[in-house]
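Colleague: Okay, here's the prediction I keep looking at, along with the sequence it came from:
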Amino acid sequence: MDFVTLGELLIDMFPAETGRHFSQVTAFLPKPGGAPANVAVAGARLGAQTAFIGKVGNDFFGEFLRDVLRQENVDTRGLRFDDDARTTLAMIAQPSAQHNEYIFYRNPGADQRLRPDELDRALITLARALHIGSLSLSAEPSRSATLQAVQWARAAGALISFDVNFRPALWRSPDDARAQISALLPHVALVKVNETELELLTATNQVAAGSAQLLARGPQIVIVTLGAQGSYFRTARADGFAPALPVTAIDSTGCGDAFVGALLTQLTRADSRELDARLPAALRFANAAGALTATQRGAIPALPTYPETLALLAAHNVAIS
Ligand code: ADP
């Protein structure tokens, strides 16, 4: 197994119209989503062997989501069904192409009810990497389940990857979010933030200074994604910027997940001693996957395949080796 992702698998309810706030949207269209699940699908489309661990409701949406993952060749042996809570819904408004607003129907939703005793330990220790986000840290028992999985994967020598993926609506306060997210940083090898998350965690929007601050808090690799500008990495020995590939962007949903899925397909193939050397090319590849995802609406439907990603890189003469 190349990598396992753990966290939320849910229904994204996309607005029928963009350029509107919630109060003006006339209808919502259900699409499969959830950042860690998207990352597993992104990896599978790019040729990696991936699995997803999480919980959905024992309802129509839950079965639909399991079927979607199976069709995408994501291993679902770690997926659990909850008899007492519904599959989580994320209602989305898109007042602009670069900005989504969310209301989560999750009081509680099945995703936050994953328990440590429901984890498939063999699956976790089999993987070269474990990827998590912060939604599963925002409530119990999914927080304990996440921390347990991280502990097992670390002990087995896996690379732990963490996308901060901050959703203010899900936390009691920004301070609570900061505390839970910060507590995990010493236990992960790679942390990925966007500019908003960088500022939340470091109180600066300066990429070089903020990433250095995050690095000092434990991770070996800090990645900052910069939307249409590209992405940046920092390790103890090096840092670098990879420019974005130019595309006609219509919806940024899932760009960060495509980016992480693509990055992990590259990093899980490298020897851990070569990670520094591999990062610049891995960022260029991940930028291409992120850019292609911006060209279509929705997350999973927009995730590119390996040949599509190589074609975009070739069209712009960008080398990845
Ligand atoms: P997140 O979804 O985590 O906020 P970003 O929006 O920064 O992440 O997107 C992740 C990556 O996807 C970026 O680093 C970039 O490479 C690519 N990307 C996103 N939006 C665009 C865009 N409009 N044009 C080109 N590439 C993009």
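Modeller: Yes, it's here.
Colleague: From the ligand, how far off is the residue nearest to residue 19 when sequence neighbours are not counted?
Modeller: Closest residue to residue 19 in three dimensions, ignoring its sequence neighbours and counting by CB to CB, 6 or more residues apart in numbering: residue 95, at 6.5 Å. Any C-beta I mention is one placed from the backbone N, CA and C, and that applies to glycine too. The gap separating residue 95 from the ligand is 16 Å, by CB to the nearest ligand atom, to the nearest Å.
Colleague: Use 430 as the first number for this chain going forward.
Modeller: Yep, numbering from 430; the last one is residue 524 now.
Colleague: Where do the helices of the chain begin and end?
Modeller: 464-474, 489-500, 550-555, 571-584, 603-613, 624-631, 636-644, 684-696, 704-722, 735-744 (DSSP state H).
Colleague: for the fourth one, packing partners?
Modeller: Going back to what we said before, that points to helix 571-584. strand 432-435, helix 550-555, strand 558-561, strand 588-592, helix 603-613 (3 or more CB pairs under 8 Å, 6 or more residues apart in numbering; DSSP states H and E).
Colleague: for this protein, which spans come out with low pLDDT?
Modeller: 526-527 (pLDDT under 70).
Colleague: which bits of the stretch 530-679 of the chain sit near the ligand?
Modeller: 623, 654, 655, 656, 657, 659, 660, 673, 674, 676, 678 (CB under 6 Å from any ligand atom).
Colleague: Is it possible to get TSV of those residues that adds neighbour count and distance to residue 617?
Modeller: Formatted as TSV, these follow (neighbours: other CB atoms under 10 Å; distance: CB to CB, whole Å):
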residue	neighbour count	distance to residue 617
623	21	17
654	25	16
655	17	21
656	16	23
657	17	27
659	19	23
660	26	18
673	20	25
674	21	27
676	16	30
678	17	29
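Colleague: hang on, isn't the residue nearest to residue 448 packed against residue 452?
Modeller: No - Residue 524 lies out of contact with residue 452 (CB atoms under 8 Å); the separation is 10.7 Å.
Colleague: Pick out whichever of these two has more residues nearby.
Modeller: residue 524 (16 against 6; other CB atoms under 10 Å).
Colleague: got a list of what the more buried one touches?
Modeller: 448, 449, 450, 530 (CB atoms under 8 Å, 6 or more residues apart in numbering).
Colleague: between those, which is nearest the ligand?
Modeller: Taking CB to the nearest ligand atom as the measure, the ligand sits nearest to residue 530 out of the contacts of residue 524, at 14.0 Å.
Colleague: Please work out how many residues are found near that closest one.
Modeller: Residue 530: 14 surrounding residues under other CB under 10 Å.
Colleague: hang on, it packs against residue 452?
Modeller: No - at 10.7 Å, residue 530 does not count as touching residue 452 under the criterion of CB under 8 Å.
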